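In: Make a model of this:
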Amino acid sequence: MKKVLLAVTLFISFLSYSCKDQLNRLLTFRINNESTCTIPGANMVNPIFNNIVPTPSITTNSSQTFENEGTNANLVKNIVLEKLKLAITSPSDADFRFIESIKIYIKADGLPKVLIASKTSIPTTVGKELELDPTQEKLDEYIKKSNYTLENEVVTRSAPWPEMELKINTTFKVTADPL
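Out: Below you'll find the predicted structure:
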């Protein structure tokens, strides 16, 4: 009898864990956005240190994304930045070795500017791509807006460098509430 009771208990535990895991997978999805910005060039006469580089406003289409995932903004309970990657698209021979550290903030109408990712002590051997360390800041209200802006705060280690075009790829992890 004890073996049957133990087997039933284990089966129910496994079933409830599996259902919870499956439900979490159904209620969690990703939003990927891509934007571009220009980092102005600098020369030895005019080096730029501690430069703030705004990006164009990013349209979220979050309402449509939520609808495509079978939910809506009212049911979204948590959005965090999962990944932020920078890539130099132009000029072809440029790299990130001139950057010592970088911080990226998110801004939206009516909301304060919030740090969402950073990277310090960037090695001089870094190439054309740079993945930042996301904060675990809750970003629900920013992503639910129709658009937001990313702002880069860059500390440089040297000049000169040419004007550069950057591609910014972000991945946000979204968790919705089933009810």
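In: So in this structure, which strand runs the longest?
Out: strand 76-90 (DSSP state E).
In: buried residues in the next helix or strand after that one?
Out: Downstream of strand 76-90, the next assigned helix or strand under DSSP states H and E is strand 99-108. Buried residues in strand 99-108, counted by 16 or more other CB atoms under 10 Å: 99-100, 102-108. Where C-beta positions appear, they are placed from N, C-alpha and C, glycine not excepted.
In: which one of these is nearest residue 85?
Out: Of all those, residue 85 sits closest to residue 104, with 10.9 Å by CB to CB.
In: quick one: which helix or strand includes the closest residue to residue 69 other than its chain neighbours?
Out: Nearest residue to residue 69, sequence neighbours excluded (CB to CB, 6 or more residues apart in numbering): residue 29, at 4.7 Å. Secondary structure from DSSP H and E places residue 29 in strand 28-39.
In: send the alpha carbons of that strand over as PDB?
Out: The C-alpha coordinates for strand 28-39 follow below in PDB (Å, rounded to 0.1, in the frame of the first residue of the first chain):
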ATOM      1  CA  THR A  28       6.700  33.100 -22.200                       C
ATOM      2  CA  PHE A  29       7.800  34.500 -25.600                       C
ATOM      3  CA  ARG A  30      10.500  36.800 -27.000                       C
ATOM      4  CA  ILE A  31      10.300  40.200 -28.700                       C
ATOM      5  CA  ASN A  32      13.200  41.000 -31.000                       C
ATOM      6  CA  ASN A  33      13.900  44.500 -32.200                       C
ATOM      7  CA  GLU A  34      16.600  45.900 -34.400                       C
ATOM      8  CA  SER A  35      17.700  49.600 -34.700                       C
ATOM      9  CA  THR A  36      20.600  51.500 -36.000                       C
ATOM     10  CA  CYS A  37      22.600  54.600 -34.900                       C
ATOM     11  CA  THR A  38      25.700  56.500 -35.900                       C
ATOM     12  CA  ILE A  39      28.600  57.100 -33.600                       C
END
